[in-house]
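In: no FASTA, just this:
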DNA sequence: CGGGACGCCTGTGAGC
DNA sequence: TGCTCACAGGCGTCCC
């Protein structure tokens, strides 16, 4: 369900309510992608620090244990996960597989497909967190990311630009929907080798990624069909995708039927006229 | 090493 | 109505 905008909207919706909250109980449901890696009981009494995001991962610092001052939980929502902040008395929802009860509310992870994960780590820069975060590329809104460095990183990749965007080793945050949308807005054929993008087109792509992700964030992650933040609040309105899921329908810019192809086992939607190699 | 396929799961919608 | 199949917002791991 979540790409960067949804994860960031989720982060913002739990950060202030949970900052400083004290853990009262931790409950696990069915196994997620990886085991928690820690006795849940060991987390009771700790306090939550400011929630951080790296790519599509959330990092929840757990403070108050002198011997483990940097420990925390790394959370990934996978394909179908979402976080909600509920009253502790609220009954478990369907597919609720992780629950963190605090004195300021109960954080619930529901994830039907269970591709998501909640992993304990002694520190963000120690394994397993470090291993999972280690290979990630630029944050799209990192001020240090400029056209030059983006272009330079793309030039090292011979794979199709769509695949490179999804890979997350150059830039994080765009999943299948936003990658398709950004490539459309940048006028770039998704099959085009990343290495063959010139400076100007790389710059256009970076701008399109920021525009697409930024707008989705401003609207509360509303591009996704049924996304809600941790309070259950929906986006301001349903942003219509220009190409994603619109195979055969007319391009909003030129009217030509949009195409669907498969790249690295994922659907890619694009306009064969507006997007050039 | 880069690049692609696989597999982890459950739900949903289309087609018969 | 009920079955089967394709497909779904991700990504670590394995193999070439």
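Out: Good, I have the coordinates. From a predicted model like this one, the values you see are computed outputs, not experimental measurements.
In: give me the residue from the stretch 51-200 of chain A nearest DNA strand C.
Out: residue A:175 (2.0 Å; Cβ to the nearest atom of the strand). (C-beta placed from N, C-alpha, C; glycine too.)
In: who's the closest spatial neighbour of that residue, skipping the chain neighbours?
Out: residue A:3 (3.6 Å; Cβ to Cβ, 6 or more residues apart in numbering).
In: neighbours of that neighbour, how many?
Out: 25 (other Cβ atoms under 10 Å).
In: how near is it to DNA strand B?
Out: Here the distance between residue A:3 and DNA strand B works out to 16 Å (Cβ to the nearest atom of the strand, to the nearest Å).
In: just checking, that residue touches residue A:178?
Out: Yes: counting by Cβ atoms under 8 Å, residue A:3 does reach residue A:178; the two are 5.2 Å apart.
In: so for those two, which residues contact both of them?
Out: A:213, A:216 (Cβ atoms under 8 Å, 6 or more residues apart in numbering).
In: quick revisit: the residue of the stretch 51-200 of chain A closest to DNA strand C: what's it in contact with?
Out: Contacts of residue A:175 by Cβ under 8 Å, 6+ apart are A:2-4, A:56, A:166.
In: show the buried residues in those.
Out: Buried members of the contacts of residue A:175, counted by 16 or more other Cβ atoms under 10 Å: A:2-4, A:56, A:166.
In: need the phi and psi values for residue A:147.
Out: Note on residue A:147: backbone dihedrals following degrees, to the nearest 10 are phi -60, psi -40.
In: that one: how many residues sit nearby?
Out: With neighbours defined by other Cβ under 10 Å, the count for residue A:147 comes to 15.
In: now do the strands in chain A.
Out: A:23-28, A:47-48, A:52-54, A:57-63, A:72-76, A:82-86, A:96-102, A:105-110, A:117-121, A:259-263, A:266-270 (DSSP state E).
In: the helices in chain A, which residues?
Out: Using DSSP state H, the helices of chain A run over A:4-18, A:129-133, A:147-155, A:161-167, A:176-186, A:199-218.
In: got a list of contacts for the shortest one?
Out: So the one you mean is helix A:129-133. Under Cβ under 8 Å, 6+ apart, the answer for helix A:129-133 is A:54-55, A:57, A:59, A:72, A:74, A:76, A:119, A:121, A:123-124.
In: list the contacts for residue A:267?
Out: A:176, A:260-261.
In: can you rerun that using 10 Å?
Out: Contact analysis of residue A:267 by Cβ atoms under 10 Å, 6 or more residues apart in numbering lists A:176-177, A:180, A:244-245, A:247, A:260-261.
In: which of these are close to DNA strand B?
Out: Residues of these in contact with DNA strand B (Cβ under 7 Å from any atom of the strand): none.
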